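# this one's structure only:
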């Protein structure tokens, strides 16, 4: 997209990008910041609207790695515009980023996934019925979530689990019957982001690392679902999230 190239020129060259999901904004708070830019002032971006998301693009330093951090994201349910959802990762690719870290908050479906667990995404099921790609150039998604980067993370923190992420359309939460269906399909986690960004990033040539914080049990497996509870769990898990991010980023 022309807007992605224009936004990248404003942000400058970087090595790695990170998109910060619900409750993840402060996970990069300990890294030195060289510059910050309001995303609403960049070509092709819009103001994030969801609680728990920031509105800045940060130029950070993690060791020798130049990190472009987006403190919020555009979700598919906000606009039903796949290009808007994919715009941040396409901007990152245009800014020279070779790797993108996509973070998220999710509901746990698999029995051993509890609130507070950090999970590396090994694959996804795209339930949105959409794709950021058009045309006849076919893209292999066999290793969409990089096995190399997952192995790196497990070496740094052997307690990390892995799972398959179901990307739901939102903004309503899933029904218990839907969760039972997604479990049968092989989903371990469910959320409302990530899948479209991951496809666009992979198609642009970036390695993709997905990290999700389980903030609640999915519909029908726990209590009532509330976004405020999602943010509370994320706040309680901040130190572990920050420790993982600050350990992984310099090695990407």
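Alright, I've got the coordinates. Since this is a predicted model, take the numbers as computed values, not measurements.
# endpoint to endpoint, stretch 52-59 covers what distance?
20 Å (Cα to Cα, to the nearest Å).
# which residues touch it?
Stretch 52-59 is contacted from outside by 11-12, 14, 20-23, 25, 28, 33-40, 42, 47-48, 66-73, 105, 227, 230-231, 234, using Cβ atoms under 8 Å, 6 or more residues apart in numbering. From N, CA and C alone the C-beta is placed, and that goes for glycine too.
# endpoints of stretch 175-191, how far apart?
13 Å.
# still on that earlier bit, filter the contacts of stretch 52-59 down to the buried ones, ChimeraX style.
Burial among those is assessed by 16 or more other Cβ atoms under 10 Å; the matching ChimeraX selection reads:
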select :11,14,20,21,22,23,25,28,37,39,42,48,66,67,68,69,70,71,72,73,105,227,230,231,234
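# so which of the contacts of stretch 52-59 are in strands?
Secondary structure from DSSP state E places 33-38, 66-70, 105 of the contacts of stretch 52-59 in strands.
# any chance of these in a markdown table, plus distance to residue 175 and pLDDT?
Listed next are these as a markdown table, based on distance: Cβ to Cβ, whole Å; pLDDT from 0 to 100:
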| residue | distance to residue 175 | pLDDT |
| --- | --- | --- |
| 33 | 42 | 97 |
| 34 | 45 | 97 |
| 35 | 44 | 97 |
| 36 | 40 | 97 |
| 37 | 40 | 97 |
| 38 | 37 | 96 |
| 66 | 43 | 98 |
| 67 | 38 | 98 |
| 68 | 37 | 98 |
| 69 | 34 | 98 |
| 70 | 31 | 98 |
| 105 | 19 | 94 |
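# out of the residues you listed, which is nearest to residue 211?
The closest of the ones in strands among the contacts of stretch 52-59 to residue 211 turns out to be residue 105 (Cβ to Cβ; 10.7 Å).
# and residue 249, how many residues sit next to it?
When neighbours are counted by other Cβ atoms under 10 Å, residue 249 registers 22.
# and the residue nearest to it when sequence neighbours are not counted, how far from residue 31?
Distances taken as Cβ to Cβ, 6 or more residues apart in numbering place residue 62 nearest to residue 249, at 3.7 Å, with adjacent residues excluded. Per Cβ to Cβ, to the nearest Å, residue 62 is found 6 Å from residue 31.
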